[in-house]
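**Q** Sharing a sequence plus its predicted fold:
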Amino acid sequence: MKILSNSPIKLPKTKDNNLNRLIIISIVIFVLMAILNPGKFITMRNFRSMSYSFPELGLLSLGLTICMITGGIDLSIVGTANLTSILAAKLMVEAMPENPTSAIIALYIFLAVGVAFIFGIIAGLINGYLVSTFHIHPVLVTLGTWQVFSGIAIIITRGYAIPNLPKPFLFVGNGRFLGLAMPLYIFLALAIVVAVLLRKTQFGRSIYFIGTNATAARFAGIRVRKMLMRAYVSSALLASTAGLLMISRTNQAKADYGRSYILQAVLVNLLAGVNWHGGFGRVIGVAIAVVTLQFLSSGFNMLRFNNFARDFTWGVFLISIMIFNHLMNERKNRLEADIAGAKSVE
């Protein structure tokens, strides 16, 4: 059964309060880091460095956003990113003939990117199939596939890095165009694509509806299983793109790269106001939250925080955001109940 064109799916109302709070938090963190690191934080060198770093986390966070809107989650994004980038690196480094011409190098780079996306699609289909067909909780499914993908990556590399990628490919992660970092252009372009996909297409409207009420979505004629499959494939493709950026920027592919990104990606989405239970999420909020976390991370680097202190801070920040969101939702529910009670009395 198809949805009739004269009964469009209504998207949830924009939660401007979340966005306003996020902007305030971003400004506060920016000012705080500038005060703690005078002469270092507010420099072109630092901003340029951040523009190379945060797009990877941004793409992973956007993939997570799509799944969270459906009421699910994709914890396998880092495993997907590492596995697909390792397969691409193996093709570019080990399969490429000696003394290749520019045309051969370009061909192998094109094939490597294609391989990364193909295996990204396969990873997304596996996640989507298990979630939508067997109705296993997305946390359990994607936690399991994360371990599977990471295990395969370790088997392929035997725990070693794959270095010395082709120089033209390294331009994607380290080059500049019109003074701006290439990864920044990629992130902005894909953020716009995801925003249009979510707000202007039938797929986007459907996953918002599924996240709000999956049962009602089925009765409305939405093919829930198909849409969930597409959501997890979209997440995996964004993860694969992030993985390609990772190896392009660092000039090596590793099975254990970016393990802290999953915690940060969850934190980004909660900070952006993406509803953990589904039904709401905005790309603009995710983009601002990613930049906010990059301000914090850059400040930590300048303050020479060790990795343990940094992980501790991310964890405290995540718990604080969840508690804050819970309190705000409770307050909102009480206000709505009071208004409904007042109207019934009238």
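**A** Noted; the coordinates are in hand.

**Q** so the nearest residue to Lys90 once chain neighbours are set aside bridges to which residues?
**A** Nearest residue to Lys90 in three dimensions, chain neighbours excluded: Ile162, at 6.4 Å (C-beta to C-beta, 6 or more residues apart in numbering). Placement of C-beta: from N, CA and C, glycine included. Counting by DSSP bridges, Ile162 is bridged to Ala253.

**Q** Any figure for the gap between Ile162 and Leu143?
**A** From Ile162 across to Leu143, the span is 26 Å (C-beta to C-beta, to the nearest Å).

**Q** So between these two, which is more surrounded?
**A** Neighbour count, other C-beta atoms under 10 Å: between Ile162 and Leu143, Ile162 has more, with 22 against 16.

**Q** got the contact list for the more buried one?
**A** Shown in contact with Ile162 (C-beta atoms under 8 Å, 6 or more residues apart in numbering): Ile86, Ala89, Lys90, Val93, Glu94, Ile247, Gln252, Ala253, Lys254.

**Q** now with 10 Å?
**A** 85-90, 92-94, 156, 247, 251-255 (C-beta atoms under 10 Å, 6 or more residues apart in numbering).

**Q** how many other residues sit next to Ala106?
**A** 14.

**Q** May I ask which helix or strand encompasses it?
**A** Counting by DSSP states H and E, the element that carries Ala106 is helix 102-133.

**Q** other SSEs contacting the next helix or strand after that helix?
**A** Once the chain leaves helix 102-133, the next helix or strand it forms, by DSSP H and E, is helix 138-157. For helix 138-157, the contact count by 3 or more C-beta pairs under 10 Å, 6 or more residues apart in numbering; DSSP states H and E identifies helix 44-69, helix 77-94, helix 102-133, helix 224-250, strand 252-253, helix 261-271 as packing neighbours.

**Q** Can you list the buried residues in helix 138-157?
**A** For helix 138-157, the buried set under the neighbour-count rule, 16 or more other C-beta atoms under 10 Å, comprises 138, 141-146, 149-150, 152-154, 156-157.

**Q** Give the burial count for Ile284, as a bare number.
**A** 13.

**Q** Contacts only, for it.
**A** Ile284 neighbours (C-beta under 10 Å, 6+ apart): Thr14, Leu19, Leu22, Ala191, Ala195, Ala272.

**Q** now with 7 Å?
**A** Residues in contact with Ile284 (C-beta atoms under 7 Å, 6 or more residues apart in numbering) are Leu19.

**Q** that older thread, of the contacts of Ile162, buried ones?
**A** Using 16+ other C-beta under 10 Å, the buried members of these are 85-90, 92-93, 156, 247, 251-255.
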